[in-house]
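*Asks:* return atomic coordinates for the entry below.
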Amino acid sequence: MATIDTIRTVLEKNLDIDPTTVDESSTFESLGIDSLDMVELICDLEEACEVDFGEPEGLASVGDLVKYIDSL
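*Replies:* Okay, the predicted model is just below:
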């Protein structure tokens, strides 16, 4: 599964965000994701992707998150 698809699945499952509205240019702000949602999203993605994110910084969009995950 592509990283973006994993992110879409987690967003739909946990935050009830329509996956068809999520692309790499989507900002977390435009999706209504606040800092607490982001912490939960990171935890869920660590589990789904079987990676340790550490303390990611500067992630403003889904594309930033995809690049970060793919670099791990």
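*Asks:* can you give me the helices in the protein?
*Replies:* 3-15, 35-49, 62-71 (DSSP state H).
*Asks:* got TSV for the ones you listed, with distance to T21 and mean neighbour count too?
*Replies:* In this view, the C-beta of every residue, glycine as well, is placed from N, C-alpha and C. TSV is the format used below for those (distance: least, CB to CB, whole Å; neighbours: other CB atoms under 10 Å):
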stretch	distance to T21	mean neighbour count
helix 3-15	9	17
helix 35-49	15	15
helix 62-71	10	16
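*Asks:* could you dump the ones you listed to a markdown table with mean pLDDT and distance to E55?
*Replies:* Shown next, in a markdown table, are the helices of the chain (pLDDT from 0 to 100; distance: least, CB to CB, whole Å):
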| stretch | mean pLDDT | distance to E55 |
| --- | --- | --- |
| helix 3-15 | 96 | 19 |
| helix 35-49 | 93 | 9 |
| helix 62-71 | 96 | 11 |
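*Asks:* which of those helices sits closest to E24?
*Replies:* Smallest distance to E24 across the helices of the chain (CB to CB): 3.4 Å, for helix 62-71.
*Asks:* what angle do that closest one and helix 3-15 make?
*Replies:* 120 degrees (axes from the mean of the first three to the mean of the last three CA atoms, to 10 degrees).
*Asks:* how about residues contacting helix 62-71?
*Replies:* By CB atoms under 8 Å, 6 or more residues apart in numbering, the residues outside helix 62-71 that reach it are 3-4, 7, 22-28, 31, 45, 49, 51, 53, 56, 58-59.
*Asks:* filter the residues you listed down to just the buried residues.
*Replies:* With burial judged by 16 or more other CB atoms under 10 Å, the buried subset of the contacts of helix 62-71 is 3-4, 7, 22, 26, 28, 31, 45, 49, 59.
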